[in-house]
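Student: Take this sequence and fold it.
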Amino acid sequence: MNPLRIKPEIKNELRFQLGNISVKELNNGLKILYLQKEKLPLIRLNFFTEAGSKFDSLTIPGLARLTSAMIDEGAGELTSLELSDEFDLLGTDFSIMTDNDYLVMSLQSLTENVGRSLELLSLVLTKPDFPEKEFEREKKKLLVSILQLKDDPERIADQIFDRVIFQEHYYSLPVSGYSETVEKITLQDVINFYKNFFSSDKSFVAAAGNISPEEFFQLIEKYFKNFTASESKTEFTEKLLPVDKKVFVYDKPESVQTEIRIGYVSGKRRMEDYFQKLLLNNIFGGQFNSRLNSNLRERNGFTYGISSQYTYYKTSGYFLISTSVNSDNTFPAIREILREIDKLRDGVTDEELNFAKTSITRKFPLNFETYSHLTSNLSVLLTQNLPLDYYNNYLQYLNAVTIEEVNREAAKLAETDMKIILVGNKSSFADEFIKYGFELVDVDERGNSK
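Tutor: Modelled structure (predicted):
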């Protein structure tokens, strides 16, 4: 017997303590979470400001992404090259990314250089130059990235999935925008976006390192006290959308593979059902021995792997099943996925639930091994409005879930009408879908009906 296929003995006795999280809020509304760890002479920091692509619904798709690309292209008295050289000389890793909700600046510095590293970050945040020359270059880079989407079936499938399930909701917009919208963006648009949506009272810091909380708070106070609140008071509210039974197809005649996405808008993260959904997903499609993978990979050989997941944004979220199969196996794969969804009506077994609890319990400490892991998980406390003792009590929450609670979530999932998105050679699978009464809807790479 392959030892990798032997299920571990079920014991959920692990006790986990993250440590004391220190909290502070500056007079400008900037919130700070800090965890002292003596492991290495490093400071790892994530600086979140709520200036993500959801605000593009009020402006121009792609504007948040282009603003994030421009913000470190020169700041204060330093050019972009000088900023990069300074970070390199300090041995500091610095990066910026944008998602639907937030712009995130990440910094990892040696403790001895953290003061200057934070000073440089504060310059980027509070005194960006937005030079015209760099704007044209970054705009061209973004347009090239958007153009490359047309040759990437996985990205097309993901973009169509967002559009189909979220429809006119602000989470339906791609973070990168569209080519024609990015073409219209001016440097003044970027400057206005920065002025309107970069705000101290909509920002927070999550950090871990080997200095005391008092020392760290003093550094943040020193370098970010002049980061001010904007006058924009835009608020977003959750907007759940209806779903119907259709198969949305993006035709790629030359493709020998079909990208499959199935899912629905599941709502934002809630303490009342998070752990029930976590365990259900682990059983259904969240790990190698899951029902989906056992069926489509192990039993039928349709795919190298299939997974499911719940993803949570600030005000909403989705459930997604994702895989890729040979074109000829498109309909058989969909049929098996739908059968597995329907089987959830019968619930899960005690053995499945205990195995899921054991698997999650044993892997849980690995989520806090590095400074990057620590700061990412600290960030979740604020983005999802969770209590400070959440991680210390995580395993107790997990193991308190009953099979009845998981089966209630399983029944809900089985009753949900999900969207089906296919990216592949339509002629290779269309007849089978039509034969069984499915309605095929042709869409472009943005998810818009043709």
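
Student: Please point out which parts of the helix or strand hosting Lys141 sit buried.
Tutor: Lys141 is part of helix 132-148 when elements are defined by DSSP states H and E. Using 16 or more other CB atoms under 10 Å as the test for burial, helix 132-148 gives 134-135, 138-139, 142-143, 146. Where C-beta positions appear, they are placed from N, C-alpha and C, glycine not excepted.

Student: Give me the distance from it to the chain's centre.
Tutor: Put simply, helix 132-148 sits 24 Å off its chain's centre (CA atoms, centre = their mean, to the nearest Å).

Student: List the first helix or strand encountered after that helix toward the C-terminus.
Tutor: helix 153-166.

Student: Please point out which parts of the next helix or strand after that next one sit buried.
Tutor: Counting by DSSP H and E, the next helix or strand C-terminal to helix 153-166 is helix 179-184. If you call a residue buried by 16+ other CB under 10 Å, then helix 179-184 has these buried ones: 179, 181-182.

Student: if we can go back for a sec, and the helix holding Lys141 with helix 153-166, angle?
Tutor: Put simply, helix 132-148 runs at 90 degrees to helix 153-166, going by axes from the mean of the first three to the mean of the last three CA atoms, to 10 degrees.

Student: Quick check: mean pLDDT of helix 132-148?
Tutor: In this model, helix 132-148 carries a mean pLDDT of 94.

Student: list the helices and strands that helix packs on?
Tutor: helix 63-70, helix 179-184, helix 187-197 (3 or more CB pairs under 8 Å, 6 or more residues apart in numbering; DSSP states H and E).

Student: what's the spacing between whichever helix or strand comes after the longest one and its chain's center?
Tutor: Next in sequence after helix 187-197, counting helices and strands by DSSP H and E, comes strand 203-209. Its chain's average C-alpha position is 18 Å from that of strand 203-209, according to CA atoms, centre = their mean.

Student: List every C-alpha atom in the helix or strand following strand 203-209, with coordinates, as PDB.
Tutor: The first helix or strand that comes after strand 203-209 along the chain, using DSSP H and E, is helix 213-224. This file holds the C-alpha atoms of helix 213-224, laid out as PDB (Å, rounded to 0.1, in the frame of the first residue of the first chain):
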ATOM      1  CA  PRO A 213       5.300  46.900  20.400                       C
ATOM      2  CA  GLU A 214       6.200  50.300  22.000                       C
ATOM      3  CA  GLU A 215       9.200  50.700  19.700                       C
ATOM      4  CA  PHE A 216       7.200  49.700  16.600                       C
ATOM      5  CA  PHE A 217       4.200  52.000  17.500                       C
ATOM      6  CA  GLN A 218       6.700  54.900  17.900                       C
ATOM      7  CA  LEU A 219       8.100  54.300  14.500                       C
ATOM      8  CA  ILE A 220       4.700  54.200  12.800                       C
ATOM      9  CA  GLU A 221       3.700  57.400  14.700                       C
ATOM     10  CA  LYS A 222       6.800  59.100  13.600                       C
ATOM     11  CA  TYR A 223       6.500  58.300   9.900                       C
ATOM     12  CA  PHE A 224       2.800  58.100   9.300                       C
END
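
Student: what's the average pLDDT for helix 213-224?
Tutor: For helix 213-224, the mean pLDDT works out to 96.

Student: Also stretch 66-74?
Tutor: The average pLDDT within stretch 66-74 is 96.

Student: Can you check the distance spanned by that stretch, start to finish?
Tutor: End-to-end distance of stretch 66-74 (CA to CA, to the nearest Å): 15 Å.

Student: With stretch 414-424 instead?
Tutor: By CA to CA, one end of stretch 414-424 lies 26 Å from the other end.

Student: Reformat the buried residues of helix 179-184 into TSV and put distance to Leu107 and pLDDT next to each item.
Tutor: Shown next, in TSV, are the buried residues of helix 179-184 (distance: CB to CB, whole Å; pLDDT from 0 to 100):
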residue	distance to Leu107	pLDDT
Ser179	32	94
Thr181	31	95
Val182	28	96
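
Student: Can you tell me which of those residues is nearest Glu215?
Tutor: Using CB to CB, Val182 comes nearest to Glu215 of these, at 42.6 Å.

Student: Domain map for this protein?
Tutor: 22-224, 247-442 (automatic domain parsing).

Student: Show me the one of these that comes nearest Phe16.
Tutor: Closest to Phe16 of these is domain 247-442 (CB to CB; 5.7 Å).

Student: Tell me how far the closest one lies from the chain's centre.
Tutor: How far domain 247-442 lies from its chain's middle: 14 Å, per CA atoms, centre = their mean.

Student: The domains of the chain: which one's closest to Ser449?
Tutor: Closest approach to Ser449 among the domains of the chain is made by domain 247-442 (5.8 Å; CB to CB).

Student: what about the strands in this structure?
Tutor: Along the chain, counting by DSSP state E, strands occupy 22-25, 31-36, 42-49, 93-98, 103-110, 203-209, 247-251, 257-265, 306-312, 317-326, 419-424, 440-442.

Student: Just send those strands back as TSV, with mean neighbour count, mean pLDDT and distance to Phe217 too.
Tutor: Compiled in TSV, these are given as follows (neighbours: other CB atoms under 10 Å; pLDDT from 0 to 100; distance: least, CB to CB, whole Å):
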stretch	mean neighbour count	mean pLDDT	distance to Phe217
strand 22-25	14	96	5
strand 31-36	22	96	6
strand 42-49	24	96	12
strand 93-98	16	96	21
strand 103-110	21	96	16
strand 203-209	26	96	10
strand 247-251	21	96	50
strand 257-265	23	96	39
strand 306-312	19	96	29
strand 317-326	21	97	32
strand 419-424	27	96	46
strand 440-442	14	96	54
